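K.L.:
give me the fold of what follows.
(2 chains)
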Amino acid sequence: MPLYPGPLQDLIDEMGRLPGIGPKSAQRITFHLLKSPAEDAMRLAQAIVAVKERISLCERCFDVAEDTYCVICNDDRRQTGTICVVEEAKDIVSVERTGQFSGRYHVLQGSLNPIEGVGPEQLRIKELLARLEEEDVQELILCTNPNLEGEATAMYLARLLQPLGLSVTRIASGLPVGGDLEYADDLTLARALEGRREIGNA
Amino acid sequence: MHLLSVSITNFRNITEAHLEFDPDGTTVLTGNNGMGKTSVIEAIGYLATLQSFRGAPKDALVRNGSPSAIVRAVVNTEGRHITIEAEIGAQGRSRTLVNRQPVKRRSELHGVLRASVFTPEYVGVIREGPSWRRSFLDNTLEVLDTRNEAVIVEVDRVLRQRAALLRNGGRRPSPEVLTTLDVWDDRLARSGSALVEAREALVAELQPLIQKHHDALAGASVPVTVTYGRSWEDDLASALVSARDHDLQRGITSVGPHRDELTITLDGLPSRTHASQGEQRSLALALQLAAHDLATARLGSAPLLLLDDVFSELDPERTRALLAGMPPGQTLLTTALPPPPEVEAARIYRISLDGWTMENPGGDGHGVAV
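P.N.:
A predicted model of the protein is given here:
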């Protein structure tokens, strides 16, 4: 494998370590940067530095934040009695886009995944328990991914939290809007049937 | 569903091949060993399942020195022509297109091309360990309904997560580990029970068909029994609870669909240990033909039947019996020896160093023998 001059090879190696970028893409991006104007490359470098220097995790909900707390925790208009539990900070953006939720969040920083060595201790679960007392929480919405690991995490939290006497709900899962029954897999369809609702007066 | 043609580039030892098939009858591929007859079968099988039925890794499917292999097939489904195209990368990326639309998972193929495969290695379903027989059931479930893939994949994933948990925290389990284990057990009990019920229902449907095909092949009625044996009693959830201490100590999951056995007896004796080689081959063939029958009945049309080198395995009487009882539908078979006279070949391709040649281009589909 041909090696490029030191700094160039360093950048290719660094790029190659990013998720979703293989050796070929790493090389292409690096040569693109090499050819682009110096100020473009500097802007990218500065953006990376700025993110690492100025962005940290919110001390309350572990969302990404520029201050001690994130924008949502700092927003007085958000209701405090309801917490929506998500796996990653990017999931907050998805929920926020719906405009259907006005409470606060809690980011677990992952899901239960023994293969990857992630157990309850690696997730921000202790911090969630502490918040339940501090913030007088009435409802907890478990909004982890509807895949195996996300479901397991939700089930774990439900077992842990239900004895505490607050309302613990799980987001519904089932058929995609605009989808076709014919193409739904059995598990999804079975889940959609389980979670059926009375139609009409609402 | 009929397979009209297949084009193969850089797959295994095939540099380039284009074959057209008789839509209803039998196409025979003949030629010496090592020329690529089985590779054609394997390439077609890949389009049906997106994996090699020989269990080969993807890079083994690409011809040495090529970046990727390409297999393209044209299928006629109820008068509609559908093109399936797979590019298999020697390292990393493979992709599949159905009518130029990318397909990500096997279940998204929706069984455009369905195939029942029989190869000499397939005798393992009788001769080898229980995992072969569980795979036979699971593969058949997937052919009957591609949506079964979801529950099979989930069971496998839960088992791997549970195994990792037991391995890392099993010996001196913390309260967290025990609660997490509850969660995985709950998932395993649910999806595992669903899978086992599906397998048991399948076995009940297969039993009479296996008997029928074995009788025909053997030329005599010898009782064949097929029994699904669960690795637990009552319900899986409580079995997992009872086995927990043992599982924590040993770091394994000792009950569940992955420990079940399918026992096949011939004339009252376990076929794995007591049947002769020839009997094992006939039984294996009967199993696959039964699955083929069931798929034909359930799906409304026969899957493509791919028989690789089946005659070298059977004595002349069983060969005649097989050919006499050939299921209706499209068949593709390979043979190194000249095909037996009973083969009603609609089309014969011969492979040599010069490539593939059609031996009877005027084949009209009515029993052109060689």
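
K.L.:
so, low pLDDT: which residues of chain A?
P.N.:
Low-confidence segments of chain A (pLDDT under 70): A:1-2, A:201-202.

K.L.:
may I ask which helix or strand encompasses B:Thr263?
P.N.:
Assigning secondary structure by DSSP states H and E places B:Thr263 in strand B:261-266.

K.L.:
and that strand, which strands flank it?
P.N.:
strand B:224-229 (antiparallel), strand B:269-270 (antiparallel) (DSSP bridges).

K.L.:
residue contacts, B:Gly34?
P.N.:
B:Asn13 (CB atoms under 8 Å, 6 or more residues apart in numbering or on different chains). The C-beta positions use only the backbone N, C-alpha and C, and glycine is treated the same way.

K.L.:
tell me which element it falls in.
P.N.:
Counting by DSSP H and E, B:Gly34 is part of no helix or strand.

K.L.:
burial of residue 75, as a residue count?
P.N.:
Just so you know, I chose chain A. Counted with other CB atoms under 10 Å in any protein chain shown, residues neighbouring A:Asp75 total 11.

K.L.:
that was the other one, I meant chain B.
P.N.:
By the measure other CB under 10 Å, the count of residues near B:Val75 is 21.

K.L.:
what about it, distance to B:Asp235?
P.N.:
43 Å (CB to CB, to the nearest Å).

K.L.:
circling back to that earlier point, mind putting the strands paired with strand B:261-266 into a markdown table with mean neighbour count and mean pLDDT?
P.N.:
Output for the strands paired with strand B:261-266, formatted as a markdown table (neighbours: other CB atoms under 10 Å in any protein chain shown; pLDDT from 0 to 100):
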| stretch | mean neighbour count | mean pLDDT |
| --- | --- | --- |
| strand B:224-229 | 16 | 96 |
| strand B:269-270 | 12 | 95 |
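
K.L.:
excluding covalently adjacent residues, which one is nearest to B:Arg162?
P.N.:
Leaving out its chain neighbours, the residue that sits closest to B:Arg162 by CB to CB, 6 or more residues apart in numbering or on different chains is B:Trp184, at 4.6 Å.

K.L.:
cool, A:Leu148 as well?
P.N.:
Looking at A:Leu148 with CB to CB, 6+ apart, the closest residue is B:Arg157, at 5.3 Å.

K.L.:
could you do B:Gly229 as well?
P.N.:
Nearest to B:Gly229 is B:Glu261, by CB to CB, 6+ apart, at 4.6 Å.

K.L.:
can you get me a residue count around B:Glu121?
P.N.:
15.

K.L.:
so it sits in a helix?
P.N.:
Yes. Remark: B:Glu121 belongs to a helix, assigned using DSSP: H, G, I helix; E, B strand; the rest coil.

K.L.:
phi, psi of the most centrally placed residue in chain A?
P.N.:
Nearest to the geometric centre of chain A sits A:Glu88, at 1.8 Å (CA atoms, centre = their mean). Main-chain dihedrals, A:Glu88, degrees, to the nearest 10: phi -130, psi 160.

K.L.:
that one touches A:His106, doesn't it?
P.N.:
No. Between A:Glu88 and A:His106 there is no contact under CB atoms under 8 Å: 11.7 Å.

K.L.:
quick one: the helices in chain A?
P.N.:
A:6-16, A:23-35, A:38-54, A:71-74, A:89-98, A:125-134, A:148-161, A:186-194 (DSSP state H).

K.L.:
those residues of chain A touching chain B, which are they?
P.N.:
Contact residues (CB under 8 Å from any CB of the partner chain) of chain A with chain B: A:22, A:112-115, A:117, A:119-121, A:148-149, A:151-152, A:155-156, A:159-160, A:183, A:185-188.
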